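A.B. asks: just need the structure, nothing else, for what follows:
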Amino acid sequence: MSLVSFHILAIQLLIRSVSSLNITNEYLNHKCRVEQGKYQPGSEYEKDLNSITGNVATEKFVNGFVHSAIKDGTNSATVIFQCRGDSYRSKCNSCYATALAGFRKRCPRNKGGIIWYDQCFLDISMINEGAPRKVNYKNTFPMHNPNNVRGDTKLFNKKTNDFFQQLIAKADKADKDDIELLYYAAGEKRIGTNKLYAMVQCTSCLEWSISHLSKCCDGKQGARVLGTACNLSYELYPFLRT
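C.D. replies: This is a model prediction of the structure:
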């Protein structure tokens, strides 16, 4: 998929309703890294990729995140995988299997690509950026509920943004206190007659994501911004596992 078609798909997703419960492994979006080319069957890159994806499959996903790489000469097969904060451990394994199968189907023999599901994303590349990773805003996209909130939209937006700021602070504290809650926080808050449910994951680009949310999704009953470094979402109904 070219970068242009990726942006077109992202625009189409803006008018797509966020799934009603968000606890399935529903496919959301993908991007094949066409600029990295394709590997040949039986090549060293294929062997390295199969090896590293197989190793990741054995992970326990205690904090829902894996960054692993194999460097072989000029090749460097890299896998980055992250589950949503309420989908760690065995649920994370399930989403990883789904994401890997989805990547192979949608980006056959591509050396790299990204695929997003409700509960996880998988990023495969022949380039190892190391850690910490640089935030790539090109691989970020929004989605929103097609319905608008009733009442004072500006007040709803402000209260929602304020709540996201509280969750960011909570996520940052959780990372220091509990390895199993790595940069993740979720909560609920009453806003007028509405009850808002929200989550944030990772903190490096959440401020940017909040500003991006205001550009695409003002006054919407639900929305999310997804990427490869952080994500956030909110709804007027419970959408996370307790």
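
A.B. asks: biggest helix in the protein by residues?
C.D. replies: Using DSSP state H, we find that the single longest helix of the chain is helix 153-177.

A.B. asks: following that helix, which helix or strand comes up?
C.D. replies: strand 184-191 (DSSP states H and E).

A.B. asks: now for that next one, which elements pack on it?
C.D. replies: On a contact count with 3 or more CB pairs under 8 Å, 6 or more residues apart in numbering; DSSP states H and E, strand 184-191 meets helix 153-177, strand 194-201. Using the backbone N, CA and C atoms, a C-beta is placed for each residue, glycine as well.

A.B. asks: for Leu226, find the nearest of these.
C.D. replies: Closest of those to Leu226 is strand 194-201, at 9.9 Å (criterion: CB to CB).

A.B. asks: so the longest helix of the chain versus strand 194-201, what angle?
C.D. replies: Angle, helix 153-177 to strand 194-201, by axes from the mean of the first three to the mean of the last three CA atoms, to 10 degrees: 40 degrees.

A.B. asks: quick one: the strands in this structure?
C.D. replies: For the chain, strands defined by DSSP state E occupy the ranges 27-32, 65-72, 75-83, 113-117, 120-125, 141-144, 184-191, 194-201, 223-226, 231-235.

A.B. asks: ranking the ones you listed by mean pLDDT, which is last?
C.D. replies: Among the strands of the chain, strand 65-72 has the lowest mean pLDDT, at a mean of 85.

A.B. asks: in that one, what counts as buried?
C.D. replies: Buried residues in strand 65-72, defined by neighbour count with 16 or more other CB atoms under 10 Å: 65-67, 69-70.
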